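Novice: Next comes the sequence, and after it the predicted model I'd like to discuss.
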Amino acid sequence: MILDDDRNDDDRNDDDDDDDDDDDDDDDDDDDDDDDDNDDEDDDHDDNIPHNESETTERMNRIKFDYFLSLEKDMRSTFELLREVMSYGVRERIQAQKKALTLIYEDLKGVTDLKRHLLEWQAYSVNKNFIRAREAMEERTMQYLMLGYQEYSYQVEIRIHQLASNGSDGLPQSVRTSIYLGLMNMINGRVDLADRAFANYTQLYNAYHDGTPIFSYQFKGEPMDDNPFITPKPLLRSSLLRNSYIHEFSGRVGKDIMNVKKALLEYSALANTSYYNGTVDHHQVHTNNVFFLKFGRRFYHSRSEFYHESIEYPLGVLEERIAELDRRWRLFQEAADRMQMTIDHTLDELNVLEETILSRLQQRLNIAHEYVENKNVTKISVARALTSGVMYESINNLTNFFTGLRARGQDLYSGWSVLADDTNAIWDMVLNDPDLEEFYHYRNISKFLQNYTQVAIETVANFTQMGDTLDFRFLLGNIDSLFLQSLEAVMTEMHLFIDNSAVDLDFFRKNFLELDVFYKEKSYEQITSQEAYDIFALLCDIGGCMGLFVGASVLTVYEMMDLVLHQSLAPLFLHGSVLIRFLKRNLKTIGSSKTNSEA
């Protein structure tokens, strides 16, 4: 039917107008989304959504609007709580851990540096004020007492036998006297050397036993009057008596010197007997030689053990203590550095979180809030913002961040326990040192006069309390899960809105009903439309006007056109005939001239 066709055309035109309006709304929404974020590139799938109708429905339906309002409030409240916890609570606790770690590090570094200084002072004192005395004694007496003792005993024995050969068959008296005097000088010289060696040994032994410095060297500007107090007296004494073996050899050196002296005096008595009586007891000489050689060997052995196990032992122990202190400090420093790196890395990630992830989420949540508060934001723009790829990327980054944050929180919590053990290990060396206890009292270093057990208990308690109090994992709780759940609820609602608002075949199938209308009688009116004015009517009007006002007809028009054409074309034909005659004449003249030239 013509009427039906016209009506359908009008309806289609109205639908086209509505679609144009919808497209304009889409463009406006796209501009708004582009202003909010340039990353929303996946919004072209919503081009067929009838925004005006769906927006009106969503706002006018209080049940739907109130439901979205509750979701938006829950999402916004959990996000604000999350942002507040991350920006203030978590950050403050991490910064508090950093500050506490710095104070602990600086305090323990001062303790360790002072302890190392005192150990170095002790090592310097032992080396310069004790061991150096041993070296001086060795240069003067010890190394010469039994120098060449095998040859020495042979020379003494020969001379004793020579002194016994007197009379007509023996040596002259003058020679015997010369040999006697030389022999006595040899023996008396060694006896004097033995006395000096014994005195030196006694002085060195008593210095170690009593902790009395032999010399007084100054260490790095420290007062020399403090040398007796810095001396590790228990360590020096233990170097002489720490076990039965050392005890035996440290005290046997003096006995060996006295036995050597005894053998020398026996040589002197045998020499006097041989010189004055002219006789010699060969068995006694041999026995004394054996005695002298035996204690000569024992002296070397005893002296070597005494030097290595007693004299040099304290310096080795002090050097080991310095190395052990450095090792324990290195372990503490490594643990503190690991915690410091974890803290710095966590703070950096917090800054990145606030500047990127939370900022993007805040922008999109603001769109949802503007939709609730104002009418200039459409729900489709909210849906596009909350279901964009940027949102899914932000959720994924947020999930990974909190997973890593909890792992670093566990590392920091465990780090306090490790730090407490390393701290107590250093305090153990500082407080449980009997070799420096006298110096601590002398200098009144109250920090080093504490009881180690009490300090260890307090350290563990303080570090544990610090780890518990500043553990941001408990402050964080499950706030991230609550926010993600509320966000997912809103995103699910937005996906349903987009799906329900899409205009496609399924939309028409669900929302439109096909009806067949039947009429008992056909009653219609036919309307025919035709042109009211055409070219023929125009020519008629022109001809009538010409005949009425000018008295001309169509023939007159043709005559005028013929006149114009004749007058304009005649000169052209005349000019052309004259030109043709001129060319013919000239061509004939040229032809005759050419014939004459050939003849």
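Specialist: Structure's in. What do you need? The model shown is predicted, which means the values in this text are computed figures rather than measured ones.
Novice: buried ones in the helix or strand encompassing Ser359?
Specialist: With elements taken from DSSP states H and E, the one containing Ser359 is helix 358-373. Judged by neighbour count (16 or more other CB atoms under 10 Å), helix 358-373 contains these buried residues: 358, 360-361, 364-365, 367-371. From N, CA and C alone the C-beta is placed, and that goes for glycine too.
Novice: counting contacts, what elements does it pack onto?
Specialist: helix 2-36, helix 62-84, helix 379-386, helix 389-431 (3 or more CB pairs under 8 Å, 6 or more residues apart in numbering; DSSP states H and E).
Novice: following the strand or helix carrying Thr177, which helix or strand shows up next?
Specialist: Using DSSP H and E, Thr177 sits in helix 173-210. Next along the chain after helix 173-210, taking DSSP H and E as the criterion, comes helix 227-230.
Novice: Which strands and helices lie in contact with that following helix?
Specialist: helix 91-126, helix 434-443.
Novice: Measure how buried Val90 is and give me the count.
Specialist: The tally of other residues near Val90 (other CB atoms under 10 Å) stands at 21.
Novice: Model confidence at the closest residue to it other than its chain neighbours, what's the number?
Specialist: Leaving aside its chain neighbours, Val90 sits nearest to Phe472 (4.4 Å; criterion: CB to CB, 6 or more residues apart in numbering). Looking at Phe472, its pLDDT is 88.
Novice: Next, Phe472: phi, psi?
Specialist: Backbone torsions of Phe472, given as degrees, to the nearest 10, read phi -80, psi -10.
Novice: List the residues that contact it.
Specialist: 89-90, 93-94, 409 (CB atoms under 8 Å, 6 or more residues apart in numbering).
Novice: Among the residues you listed, name the buried ones.
Specialist: Applying a neighbour-count criterion of 16+ other CB under 10 Å, the buried members of these are 90, 93-94, 409.
Novice: closest one to Asn462 among the helices and strands packed on helix 227-230?
Specialist: Minimum separation from Asn462 across these (CB to CB) falls at helix 91-126, 9.2 Å.
Novice: Which parts of that closest one count as buried, going by neighbours?
Specialist: In terms of neighbour count (16+ other CB under 10 Å), helix 91-126 has its buried residues at 91, 93-94, 97-98, 100-101, 104-105, 108, 111-112, 115-116, 118-119, 121-126.
Novice: Tell me the gap between stretch 99-108 and the middle of its chain.
Specialist: Mean-position distance between stretch 99-108 and its chain equals 19 Å (CA atoms, centre = their mean, to the nearest Å).
Novice: Next: stretch 366-380.
Specialist: Centroid displacement of stretch 366-380 relative to its chain, using CA atoms, centre = their mean, is 43 Å.
Novice: What of stretch 476-486?
Specialist: Here stretch 476-486 shows a centroid-to-chain-centroid distance of 28 Å under the convention CA atoms, centre = their mean.
Novice: Outside of that stretch itself, list whatever touches it.
Specialist: Identification of contacts with stretch 476-486 by CB under 8 Å, 6+ apart yields 71, 74-75, 78-79, 81-82, 85, 90, 395, 398-399, 402, 405-406, 409.
Novice: Asn277: which of the residues you listed is nearest?
Specialist: Closest approach between the contacts of stretch 476-486 and Asn277, by CB to CB: Gly409, at 100.0 Å.
Novice: Surely the closest one and Arg473 touch.
Specialist: Yes - using CB atoms under 8 Å, Gly409 makes contact with Arg473 at a distance of 4.2 Å.
Novice: Dump the helix holding Ser359 to CSV, restricted to CA.
Specialist: Extracted in CSV, the C-alpha atoms of helix 358-373 (Å, rounded to 0.1, in the frame of the first residue of the first chain):
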residue,chain,number,x,y,z
LEU,A,358,46.1,3.9,41.9
SER,A,359,46.0,7.1,39.8
ARG,A,360,44.4,5.2,36.8
LEU,A,361,41.9,3.5,39.1
GLN,A,362,41.1,6.9,40.7
GLN,A,363,40.3,8.4,37.3
ARG,A,364,37.9,5.6,36.4
LEU,A,365,36.3,5.5,39.8
ASN,A,366,35.7,9.3,39.5
ILE,A,367,33.8,8.7,36.3
ALA,A,368,31.5,6.3,38.2
HIS,A,369,31.1,8.8,41.0
GLU,A,370,30.3,11.6,38.5
TYR,A,371,27.6,9.4,37.1
VAL,A,372,26.0,9.0,40.5
GLU,A,373,26.3,12.7,41.5
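Novice: Fine by me, we can end here.
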